[in-house]
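S.K.: next one to model:
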Amino acid sequence: MSNSKRPLRRRAQQILRRGVVLLMCFLATAVATAAPKGMSVEVRSASLSLDHDVYELDALLEVRLPDEARKAIEAGLTMRLDYEIELTRVRNFMLDATVAELVQRYELSYHALSQRYLVRKLNTGEQQDFGTLQAALDKVSEVRGLPVVDAALVEPDRQYDVGVRAVVDLNTGSDALRWILFWTDDWSVKSEWFEWPLHH
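M.R.: A predicted model of the protein is given here:
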């Protein structure tokens with residue numbers, strides 16, 4: 001009885017293997033031909049204000065994700081969004097001196113079981129979930145009251161410039177998805193630096 005079942009098991013395993021190979025080929029073709037053209041990120045506004053001896057950042061982004069990128073997130077790809085912040089002291093006859101640098105990192109992913117979009121702040125581990133991708137994008141596209149630098153590091157008689165840039169990366173995901181996407185280089189975008197003089 002057991003001998004008669006072995007050929008059936010072998011046959012089922014072969015069919016399963018072929019199915020997996022075909023699925024991987026299909027995904028590779030679909031993703032390679034659907035690289036998200038038109039994906040962009042822009043810093044719409046940013047400001048630094050003093051609160052209890054700490055300069056804090058408020059910033060608002062506009063993140064544009066085409067349908068292909070949204071589908072990739074639903075398929076298991078993780079989107080990472082970094083806010084890169086710099087405070088520099090302006091010097092007349094030398095290169096400007098960097099006073100503070102900070103990167104605020106977020107991850108946005110889709111949890112298929114709960115059908116919720118998860119946003120995780122990597123700097124603190126704080127996590128929230130949302131019912132729609134747009135709500136999750138709205139969350140990561142705005143920061144309020146982010147501590148950047150202690151006021152004691154800002155000399156009152158010096159001139160300082162502040163810069164903020166955003167980086168969106170869709171290349172983080174499972175090993176299988178990374179393998180499929182290894183030849184693509186347009187799943188990451190950077191905004192222009194948004195710069196302004198610090199008033200203090």
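S.K.: low-confidence ranges in the chain?
M.R.: 1-37, 172-186 (pLDDT under 70).
S.K.: one more pass at 90, please.
M.R.: The chain contains residues with pLDDT under 90 at 1-39, 66-69, 71-72, 74-77, 90-98, 155-157, 170-188, 199-200.
S.K.: please name the nearest non-neighbouring residue to the residue positioned nearest the centre of it.
M.R.: The centroid of the chain falls nearest to residue 80 when counting by CA atoms, centre = their mean (1.8 Å). Distances taken as CB to CB, 6 or more residues apart in numbering place residue 169 nearest to residue 80, at 4.6 Å, with adjacent residues excluded. C-betas here are computed from N, CA, C, even on glycine.
S.K.: bridging across strands, which residues link to that neighbour?
M.R.: Counting by DSSP bridges, residue 169 is bridged to residue 80, residue 188.
S.K.: strands paired with the top strand by length along the chain, and their directions?
M.R.: Ranked by residue count, the top strand of the chain under DSSP state E comes out as strand 97-111. In the sheet, strand 97-111 lines up against strand 78-89 (antiparallel), strand 116-121 (antiparallel) (DSSP bridges).
S.K.: buried residues in the last one?
M.R.: The reference is to strand 116-121. By 16 or more other CB atoms under 10 Å, the buried positions in strand 116-121 come out as 117-121.
S.K.: among these, which one sits closest to residue 89?
M.R.: Distance to residue 89, by CB to CB, is smallest for residue 121 among those, at 28.8 Å.
S.K.: what's the spacing between the residue nearest to that closest one when sequence neighbours are not counted and residue 169?
M.R.: Nearest residue to residue 121 in three dimensions, chain neighbours excluded: residue 106, at 5.8 Å (CB to CB, 6+ apart). According to CB to CB, to the nearest Å, residue 106 stands 11 Å off from residue 169.
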